[in-house]
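Novice: just the structure for this:
(one chain, ligands or ions: 2)
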Amino acid sequence: MHTSKINLYRSFILILFPIVGIISLFYWIKNGYYNSNTIILAIAGYSLIGISITAGYHRLFSHRTYKSHWLVRLFFLIFGAGALQGPAILWCIDHRHHHAFTDHTEKDPYSIKRGFLWAHIGWLFFKHYKDLLTKENINRHKDLFQDTLLVWQMNYEIILGFSVAIFLPALIALSWGDFWGGFLIAGILRSTLNHHATFLVNSLAHSWGADPHNKIISARNNLFISILTLGEGYHNYHHQFPSDYRNGHRWFHWDPTKWFISSMSIIGLAKKLKRQVT
Ligand SMILES: [Zn+2]
Ligand SMILES: [Zn+2]
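Specialist: Numbering: from 1, shown residues only. Ligands and ions are numbered 1, 2, ... in the order given. Sure, this is the predicted structure:
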């Protein structure tokens with residue numbers, strides 16, 4: 001991995017968004033602009049964009065744990081772009097490398113062995129996604145590059161991403177007269193929360209929790225992270241059984257993403273759900 005050159009676009013988002021988001025939150029509340037509709041909008045955005053990462057980018061596109069209707073894939077790609085975490089194809093390649101080379105200091109792009117901060121966010125300051133578009137990767141991950149929806153999303157990810165993440169909540173909140181609340185709170189601040197929820201899976205879920213399924217790797221099961229990340233915290237199980245559509249495999253494990261996928265299967269939008277443990 002090239003770590004010499006800073007990725008300015010990504011660094012700009014990762015540094016500026018939390019600063020602007022937190023200052024806006026204080027300003028918004030202190031000056032009496034607080035609006036509960038905007039808060040509900042932020043929670044809805046967090047959930048829709050979050051589920052597009054967990055059920056879409058992660059469990060569908062990266063691990064192929066189930067099959068879905070093309071409209072579902074389109075939904076995941078549009079709202080997943082709103083997570084501002086890069087195109088799904090490149091997110092998946094990084095994630096597949098993370099699974100194939102877990103804890104390897106060079107080959108695992110967000111290896112915890114390079115430190116908590118590196119695994120959480122540091123690696124993204126240097127990530128040049130175009131470096132992933134090698135002949136070898138295109139060959140090895142044919143399933144991604146042959147999917148026209150995925151390729152389309154890769155080409156329009158930035159415009160789609162900013163439209164869904166920032167401009168859509170701003171326009172929706174305008175309908176109750178809170179354009180800037182929509183832009184700054186349901187847009188920028190909510191983006192930061194979605195970012196760090198995903199990042200916690202790479203950092204905290206590789207450092208804190210139980211390891212009942214695989215003691216060799218750093219991945220851990222952690223209920224706290226599952227609550228923040230729509231069920232992605234059973235990470236030790238997930239690394240051991242990555243083809244399972246569930247991360248929390250017991251019925252009582254807090255995994256809204258698995259409940260979402262099984263609900264889609266009931267109404268015919270998802271099928272062939274894989275389980276590795278019954
Ligand atoms: Zn992991
Ligand atoms: Zn995974």
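Novice: where does the stretch 1-150 of the chain have low pLDDT?
Specialist: 1-4 (pLDDT under 70).
Novice: where do the helices of it begin and end?
Specialist: For the stretch 1-150 of the chain, the helices defined by DSSP state H, counting those that start in this stretch occupy 8-30, 36-51, 70-81, 88-100, 116-117, 123-126, 135-140, 142-145, 148-162.
Novice: if we ignore the residues flanking it in sequence, what's nearest residue 34?
Specialist: Of all residues not flanking residue 34 in the chain, residue 28 sits nearest, at 6.4 Å (C-beta to C-beta, 6 or more residues apart in numbering). Where C-beta positions appear, they are placed from N, C-alpha and C, glycine not excepted.
Novice: typo on my end, it should be residue 68
Specialist: With C-beta to C-beta, 6+ apart, the residue lying closest to residue 68 is residue 270, at 4.7 Å.
Novice: and that neighbour, how many neighbours?
Specialist: 22 (other C-beta atoms under 10 Å).
Novice: equivalent analysis for residue 265, please.
Specialist: Residue 265 has 16 nearby residues by other C-beta under 10 Å.
Novice: helices or strands up against the helix or strand where it lies?
Specialist: According to DSSP states H and E, residue 265 maps onto helix 256-266. Contacts defined by 3 or more C-beta pairs under 8 Å, 6 or more residues apart in numbering; DSSP states H and E place helix 256-266 against helix 36-51, strand 270-271.
Novice: thinking again about what came up before, for the residue nearest to residue 68, give me its contacts.
Specialist: 66-69, 72, 261-262, 264 (C-beta atoms under 8 Å, 6 or more residues apart in numbering).
Novice: separation between residue 144 and residue 20?
Specialist: Using C-beta to C-beta, to the nearest Å, residue 144 is found at 33 Å from residue 20.
Novice: tell me which of the two has more neighbours.
Specialist: Taking other C-beta under 10 Å, residue 144 and residue 20 do not tie; residue 144 has more neighbours (22 against 16).
Novice: is it true that the more buried one touches residue 137?
Specialist: No: in this structure, residue 144 is not within contact of residue 137 by C-beta atoms under 8 Å, at 9.0 Å.
Novice: anything in contact with each of those two?
Specialist: Contacts common to residue 144 and residue 137, judged by C-beta under 8 Å, 6+ apart, are residue 93.
Novice: tell me the phi and psi of residue 221?
Specialist: phi -90, psi 130 (degrees, to the nearest 10).
Novice: ok, the residue nearest to residue 271 when sequence neighbours are not counted - contacts?
Specialist: Once flanking residues are discounted, residue 271 sits nearest to residue 67: 5.3 Å by C-beta to C-beta, 6+ apart. Counting by C-beta under 8 Å, 6+ apart, residue 67 makes contact with 270-272.
Novice: for residue 67, give its distance to residue 61.
Specialist: 12 Å.
Novice: now residue 39
Specialist: 31 Å.
Novice: which one of these two has more residues nearby?
Specialist: residue 61 (26 against 14).
Novice: is it correct that the more buried one is in contact with residue 87?
Specialist: No: look at residue 61 against residue 87 with C-beta under 8 Å: they stay out of range, at 10.4 Å.
Novice: overlap of the contact sets of these two?
Specialist: In contact with both residue 61 and residue 87: residue 150, using C-beta under 8 Å, 6+ apart.
Novice: how close does residue 236 sit to residue 196?
Specialist: As for residue 236, its distance to residue 196 is 21 Å (criterion: C-beta to C-beta).
Novice: if I look at residue 16, how far off is residue 276?
Specialist: 41 Å.
Novice: one more: residue 219?
Specialist: Remark: distance between residue 219 and residue 276 (C-beta to C-beta) = 15 Å.
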